[in-house]
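Participant: return a 3D structure for these sequence lines:
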Amino acid sequence: MATTINKQKLVSQVFSTLGKGVKAQEPEPRPVLEQFIYALLREDATRPAADQAFRALQERFYDWNEVRVSGAEEIAETIDEALSGADSRAQRIIDFLQEVFETEFSFDLESLQKKGLKLAAKALSRYQAASDYAVSWVVQQSLGGHAIPLDGRGIRVLKRLGLLDEHVTDIEALRSSLEHQVPKTKGLLFVDLVSELAESACWEDAPACTECPLQTGCVTGASVKLPAVPAAHKKPR
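Facilitator: Alright, predicted model coming up:
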């Protein structure tokens, strides 16, 4: 497992290598309810894919109440082109909107802004559709807190890199340790960079370690041998 100093170097490498020329984005100014729905789409997906799915929902349905009363198949069909797991995502969105409607009699969760981070996060976590990722996403995006949303793909990448302890399974403990390494101002960019790496090279099966720009600093990638350089292409000493 990487030491604290090595972890800090790895975090810096993530930004310097994967984020070269990429500017940190400001949180999207969405209402709390919409951020939660977006998080259900963003979990285990890249930002472009989640953006495409979210736009598709807004374009196809008049408002969130229409989404609530629509069939899961129709919602899944709307987001299926952009995302995997469309059926389960669709059902979670419906369940969330239904629960909000039954408890709030509206689709407005802006009152959470006044509760403080801990109480707001606790309130969000009570929804059946909630996950640690979704709650952390809203805390980071809408509530001004320092949270690093961790989904399955992100945990896979970060454990392989050595930034997270491979033997720890408690997601809150994993997230807490990471939040000590990643500055709050760069949290959103960090999440985007890690999800892009999971998409482009650090796959669950047969990861493309030799093509990964972080291989030399990666605990897992360093054990994978690079292809031999043909003698004719070797540089003279």
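Participant: all contacts plus neighbour counts: C-alpha atoms, from now on.
Facilitator: OK.
Participant: run through who's touching the host helix or strand of residue 67.
Facilitator: Counting by DSSP states H and E, the element that carries residue 67 is helix 64-69. Helix 64-69 has contacts (CA atoms under 8 Å, 6 or more residues apart in numbering) with 61, 75, 93-95, 97-98, 107.
Participant: reformat these as TSV; add distance to residue 135, pLDDT and secondary structure.
Facilitator: Output for the contacts of helix 64-69, formatted as TSV (distance: CA to CA, whole Å; pLDDT from 0 to 100; DSSP: H, G, I helix; E, B strand; the rest coil):
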residue	distance to residue 135	pLDDT	secondary structure
61	25	96	coil
75	22	96	helix
93	14	97	helix
94	17	97	helix
95	16	97	helix
97	15	97	helix
98	18	97	helix
107	17	92	coil
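Participant: which among those residues gets closest to residue 47?
Facilitator: Residue 47 lies nearest to residue 93 out of these, by CA to CA, at 17.8 Å.
Participant: in the helix holding residue 67, what's buried?
Facilitator: Neighbour counts over helix 64-69 (16 or more other CA atoms under 10 Å) mark 64, 67-68 as buried.
Participant: same deal with stretch 200-211?
Facilitator: If you call a residue buried by 16+ other CA under 10 Å, then stretch 200-211 has these buried ones: 201-202, 209-210.
Participant: looking at the residues you listed, which two lie furthest apart in space?
Facilitator: Farthest-apart pair in the buried residues of stretch 200-211 is 202 and 210; separation 10.3 Å (CA to CA).
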